[in-house]
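Participant: can't give you the sequence, but here's the structure:
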């Protein structure tokens, strides 16, 4: 899975701005800090649906760019954003769980009115996104 650095900045009277140094034209915004990563992931996924994405630059390469160094010195910061492909092909996978954990998964899925598979996919996506 590829991850891209996004530059996040915010003026006092604005939303958080999110842009990808490796992908000019790919950007997003977030009113709240907790929405930065989910909004950045969505922007990156939408971009990748229609446009080729380059290989991600290293942290060293990103921070060596004069424009980025200036933005960082003015209060911006970098976040790592995973590119989770929007590949909707369904694949069957055999997984193993402790019985008690599987019962808890099934109960949580029932409470939400979704299948075990949908619950596990959602939980996995959230965990992957939270890492960044």
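Facilitator: Noted; the coordinates are in hand. Just so we're clear, the structure is a prediction, and the values are computed from it rather than from any experiment. Numbering: from 1, shown residues only.
Participant: Could you list the low-pLDDT ranges of the protein?
Facilitator: By pLDDT under 70, the low-scoring segments of the chain are 86-88, 131-132.
Participant: repeat that for 90
Facilitator: 1-2, 11-14, 49-53, 84-95, 121-122, 124-132 (pLDDT under 90).
Participant: longest single strand anywhere in it?
Facilitator: With secondary structure taken from DSSP state E, the chain has its longest strand at strand 3-10.
Participant: Paired strands for it, with orientation please.
Facilitator: With DSSP bridges as the test, strand 3-10 is paired with strand 16-19 (antiparallel), strand 77-82 (antiparallel).
Participant: Can you pull out the residues in contact with the first one?
Facilitator: It refers to strand 16-19. Strand 16-19 has contacts (Cβ atoms under 8 Å, 6 or more residues apart in numbering) with 6-10, 26-31, 33, 35-36, 39-40, 43. Heads up, the C-betas are built off the backbone N, CA and C, glycines and all.
Participant: Just list the residues touching residue 95, thanks.
Facilitator: residue 120.
Participant: er, residue 39 actually
Facilitator: Residue 39 neighbours (Cβ under 8 Å, 6+ apart): 18, 28-30.
Participant: tell me the domain boundaries of this structure?
Facilitator: 3-82, 99-131 (automatic domain parsing).
Participant: what helix or strand is the spatially most central residue of the chain on?
Facilitator: In the chain, the centroid-proximal residue (Cα atoms, centre = their mean) is residue 41; its distance is 3.5 Å. According to DSSP states H and E, residue 41 maps onto helix 36-50.
Participant: tell me the angle of that helix relative to strand 3-10?
Facilitator: In terms of direction (axes from the mean of the first three to the mean of the last three Cα atoms, to 10 degrees), helix 36-50 departs from strand 3-10 by 130 degrees.
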